[in-house]
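Colleague: sequence plus the predicted model coming up.
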Amino acid sequence: MATTPDGAGRAAGLPSEPLGDALADGAPAGPVRVGRIEFVNCFPLYHHFERELAARGVAATIVEGYPSVLNEMLVNGAIDVALPSSIAFARDAAELALLPQVSISSFGAVDSVQLFTRAPLNEVRRIALTEKSATSICLLKVLCREWGLEPEFAPRRGSLAEVLADFDGLLLIGDEALYVLRAEVYPYHYDLGAEWQKVTGLPMVFAVCAVRREFMAARPTAAAAVGAALLASRDDCAAHPADTAAAAAHRYDFSQRYLMEYFDKLKFGFTPEHRAGLDAFYRRAAAIGELETVPHIGEVAAAVPATTPAADPAATV
């Protein structure tokens with residue numbers, strides 16, 4: 001089974017002689033340590049991942065965690081490859097390189113990144129922030145500037161009832177956002193993917209696929225295989241949407257019907273339009289002081305073998 005960040009891990013795939021990955025003494029290299037975000041939005045990328053990675057002759061240890069935890073583990077070298085929050089990637093681009101096969105994005109509403117409020121937006125004065133994702137916090141601050149708002153921000157503490165009593169708004173992501181949205185706890189909610197599209201007309205890239213630069217230099221074939229396996233899992237799931245939603249419903253507390261609609265809103269590609277959206281986000285983040293340097297997307301994208309699909313036949317998936 002997969003592990004939490006402090007667990008022992010599980011090897012997936014073939015343990016012997018991953019292609020192009022032998023140590024200097026001729027011994028096989030160890031498994032690639034791959035971070036998996038625990039939220040349901042990642043399910044299509046990972047549902048067939050281990051099978052696809054094994055088909056490419058590469059072993060992996062899967063480590064599960066929240067985006068913020070995996071971001072830190074990737075930068076610290078505790079894992080080799082993950083899908084870090086897009087703003088976290090930008091802040092550590094000197095240590096990381098993009099694997100340009102996939103992302104976690106939306107073109108409009110995403111459902112799982114929501115600002116919930118007790119009052120209309122122009123009356124919001126205090127917002128409690130999730131600590132699970134840096135990108136969503138930064139995006140909310142970017143949008144507040146676009147809306148002409150200057151609310152007080154504070155980390156979320158305590159129960160939902162306590163937050164309701166003390167704050168006008170609450171930023172939630174992932175499965176928790178979906179649960180609160182479904183329960184209609186708050187009278188108002190603002191989908192940050194939809195709000196970003198209104199402002200820019202571009203996709204919002206919430207997470208990218210990234211590899212440590214030192215790992216990419218030492219084991220380029222294994223790194224590329226991870227990106228290719230994520231892509232293959234995505235495409236297989238897109239070809240079988242009902243089966244994918246049913247499988248996800250067994251793992252998460254959502255119905256098959258709900259998940260079919262939800263997965264349809266997510267975009268897992270990384271096309272030129274996605275890159276333009278990512279660049280626009282980085283530039284706006286820098287303008288409000290959330291990012292010191294805007295990385296050039298072309299310069300931080302890792303080179304991948306020619307056998308990895310360069311086209312994006314399921315870019316709208």
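Modeller: Perfect, thanks for sending it. Numbering: from 1, shown residues only.
Colleague: report the rounded mean pLDDT for stretch 115-135.
Modeller: The average pLDDT within stretch 115-135 is 90.
Colleague: just stretch 173-191 next, same as before
Modeller: 90.
Colleague: which residues of the protein score low on pLDDT?
Modeller: Of all residues in the chain, those with pLDDT under 70 make up the ranges 1-29, 298-317.
Colleague: mind naming the longest strand for it?
Modeller: strand 96-106 (DSSP state E).
Colleague: what does the following helix or strand past that one contact?
Modeller: Where DSSP states H and E defines the elements, the next helix or strand beyond strand 96-106 is strand 113-117. Applying C-beta atoms under 8 Å, 6 or more residues apart in numbering, the contact partners of strand 113-117 are 124, 127, 133, 136, 139-140, 168-173, 177, 180-181, 185-193, 206. The way it works is simple: take the backbone N, C-alpha and C, and place the C-beta from them, glycine included.
Colleague: now with 7 Å, please.
Modeller: 124, 136, 140, 168-173, 177, 180-181, 185-186, 188-193, 206 (C-beta atoms under 7 Å, 6 or more residues apart in numbering).
Colleague: flag every buried residue along stretch 280-300.
Modeller: A280, F281, Y282, R284, A285, E290, L291, V294, P295, I297, V300 (16 or more other C-beta atoms under 10 Å).
Colleague: follow-up on the earlier one: in helices, which of the contacts of strand 113-117 appear?
Modeller: The helices, defined by DSSP state H, take in S136, L140, A177, V180, L181, L192, G193 from the contacts of strand 113-117.
Colleague: quick one: contacts for the residue nearest to the last one when sequence neighbours are not counted?
Modeller: It refers to G193. Ranked by C-beta to C-beta, 6 or more residues apart in numbering and with sequence neighbours excluded, the top spatial neighbour of G193 is V110, at 3.4 Å. The contact partners of V110, by C-beta under 7 Å, 6+ apart, come to D191, G193, K265, L266.
Colleague: look up how far R219 lies from the last one.
Modeller: Between L266 and R219 the distance, using C-beta to C-beta, to the nearest Å, works out to 29 Å.
Colleague: quick one: the strands in the protein?
Modeller: Along the chain, counting by DSSP E, strands occupy 11-12, 32-37, 60-65, 81-82, 96-106, 113-117, 126-129, 152-155, 169-173, 188-191, 204-212, 266-267.
Colleague: and of those, who's closest to D235?
Modeller: In terms of C-beta to C-beta, the element of the strands of the chain nearest to D235 is strand 96-106, at 10.0 Å.
Colleague: the closest one packs against which elements?
Modeller: With contacts defined as 3 or more C-beta pairs under 7 Å, 6 or more residues apart in numbering; DSSP states H and E, the packing partners of strand 96-106 are strand 204-212, helix 213-218, helix 220-239, strand 266-267.
Colleague: would you confirm that V63 contacts G35?
Modeller: Yes - counting by C-beta atoms under 7 Å, G35 is a contact partner of V63 at 5.3 Å.
Colleague: common neighbours of the two, please.
Modeller: Joint contacts of V63 and G35 (C-beta under 7 Å, 6+ apart) are I79.
Colleague: that older thread, where does the residue nearest to G193 fall, phi/psi-wise?
Modeller: When read as degrees, to the nearest 10, the backbone of V110 gives phi -120, psi -20.
Colleague: quickly note the distance from the spatially closest residue to A232 that is not a sequence neighbour to A88.
Modeller: Take A232 and drop its neighbours on the chain: the residue closest to it by C-beta to C-beta, 6+ apart is E52, 4.2 Å away. Separation of E52 from A88 (C-beta to C-beta): 26 Å.
Colleague: most packed of the helices and strands packed on strand 96-106?
Modeller: strand 204-212 (a mean of 28; mean count of other C-beta atoms under 10 Å).
Colleague: so which elements touch that one?
Modeller: Judged by 3+ C-beta pairs under 7 Å, 6+ apart, strand 204-212 is in contact with helix 67-76, helix 86-91, strand 96-106, helix 220-239, helix 272-287.
Colleague: dump these into CSV; add distance to L164 as well.
Modeller: Shown next, in CSV, are the helices and strands packed on strand 204-212 (distance: least, C-beta to C-beta, whole Å):
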stretch, distance to L164
helix 67-76, 23
helix 86-91, 27
strand 96-106, 27
helix 220-239, 36
helix 272-287, 29
